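# okay, sequence plus prediction incoming.
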Amino acid sequence: MKKLCLLVFMTTILCLTACGTDKKDEALETSGSAENEQESLPKTETTFELTEQGKNFLTQMCKKLNDFNSQTAKDETFWRDFLFYSYTGASEGVETETVPRDDFDETVVKISLQEAEAYAKLVLGVDLPDIKPSFEDMEQGQTSFYYQNGYYYIGVSDYPDYQYTFADYEESGDSIMVRYTIDFEGESNVGTVCFGIVPKDNENGFIITSKSTEL
């Protein structure tokens, strides 16, 4: 009788052990399958895409923006040049006025402070400082650049006759380098313009962090 009970007990233990092993193997198989499925899923990488709008914008920046980098002091001279060269070309649709000067009448572009602030944010990603020169402070013969009653008044002038053509761009870490070739008076590839840009959630998809020109 004792031998029979012992036999029954041992049989029960073996059954329980076998069941436990089967469940463990099943769990390992399930885990391994899930890991394999996860590894087989395509890995998505966020890459920057320079749109046609962005390329066209940078083409304009080739002639409108002075060279600068992270070491450039963004002082009053920097911002005066930034605003002047941004608007002196009198692009289509911009409001203009005629301003009497000492010995001539000058055509000027009229830009609201709000527009100038938004433009600085779009191009450089920073706030426009309080730059508000007066009409009286201008030197004789100087092309107009002054602030009055919420507007900048900037004299109309021409840009140098350079043509800029998009060449390529490449990503390097967190920044992107964009290159343009320069043509001048019928000669091709007389120089290059290189922009450093970083992605930004704005209408261009980026801000400019540097610009360098080589002729």
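All right, it came through fine.
# use CA for all of it now, contacts and neighbours both
Fine.
# on the three-state scheme, Y169 is what?
Remark: Y169 carries the secondary structure label strand [criterion: DSSP: H, G, I helix; E, B strand; the rest coil].
# run through the bridge partners of it.
Beta-bridge partners recorded for Y169 (DSSP bridges): V178.
# what is the burial count for it?
Residue neighbour count, defined by other CA atoms under 10 Å, stands at 16 for Y169.
# please name the nearest non-neighbouring residue to G191.
When the adjacent residues along the chain are set aside, G191 lies closest to L215, with 4.1 Å between them (CA to CA, 6 or more residues apart in numbering).
# okay, buried residues for the helix or strand hosting S212 please.
Per DSSP states H and E, S212 falls inside strand 206-214. Along strand 206-214, the positions that meet the burial threshold by neighbour count (16 or more other CA atoms under 10 Å) are 206-213.
# chain center to it, what's the gap?
Its chain's C-alpha centre lies 10 Å from the corresponding centre of strand 206-214 when counted by CA atoms, centre = their mean, to the nearest Å.
# just checking, what packs against it?
Under the contact definition 3 or more CA pairs under 8 Å, 6 or more residues apart in numbering; DSSP states H and E, strand 206-214 sits against helix 113-124, strand 187-199.
# partner strands of the last one, with direction?
In this case it means strand 187-199. Using DSSP bridges, the strands paired with strand 187-199 are strand 175-184 (antiparallel), strand 206-214 (antiparallel).
# can I get the helices and strands packed on strand 206-214 in TSV including mean neighbour count and mean pLDDT?
Formatted as TSV, the helices and strands packed on strand 206-214 follow (neighbours: other CA atoms under 10 Å; pLDDT from 0 to 100):
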stretch	mean neighbour count	mean pLDDT
helix 113-124	16	98
strand 187-199	17	96
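# any chance of the ones you listed in TSV, with distance to G150 too?
Formatted as TSV, the entries for the helices and strands packed on strand 206-214 read as follows, by distance: least, CA to CA, whole Å:
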stretch	distance to G150
helix 113-124	6
strand 187-199	31
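# who wins for proximity to L83 among the ones you listed?
Closest approach to L83 among those is made by helix 113-124 (7.5 Å; CA to CA).
# quick one: buried residues of the helix or strand harbouring T107?
Counting by DSSP H and E, the element that carries T107 is strand 105-112. Using 16+ other CA under 10 Å as the test for burial, strand 105-112 gives 106-111.
# tell me where this structure has strands.
96-100, 105-112, 145-148, 151-155, 162-172, 175-184, 187-199, 206-214 (DSSP state E).
# mind telling me which residue is nearest the centre of this protein?
Ranked by distance to the mean C-alpha position of the chain (CA atoms, centre = their mean), the top residue is F206 at 1.5 Å.
# circling back: output the strands of the chain as JSON lines; include the columns distance to F78.
As requested, the strands of the chain are exported to JSON lines (distance: least, CA to CA, whole Å):
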{"stretch": "strand 96-100", "distance to F78": "24"}
{"stretch": "strand 105-112", "distance to F78": "18"}
{"stretch": "strand 145-148", "distance to F78": "14"}
{"stretch": "strand 151-155", "distance to F78": "16"}
{"stretch": "strand 162-172", "distance to F78": "22"}
{"stretch": "strand 175-184", "distance to F78": "22"}
{"stretch": "strand 187-199", "distance to F78": "17"}
{"stretch": "strand 206-214", "distance to F78": "13"}
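# all set now, cheers.
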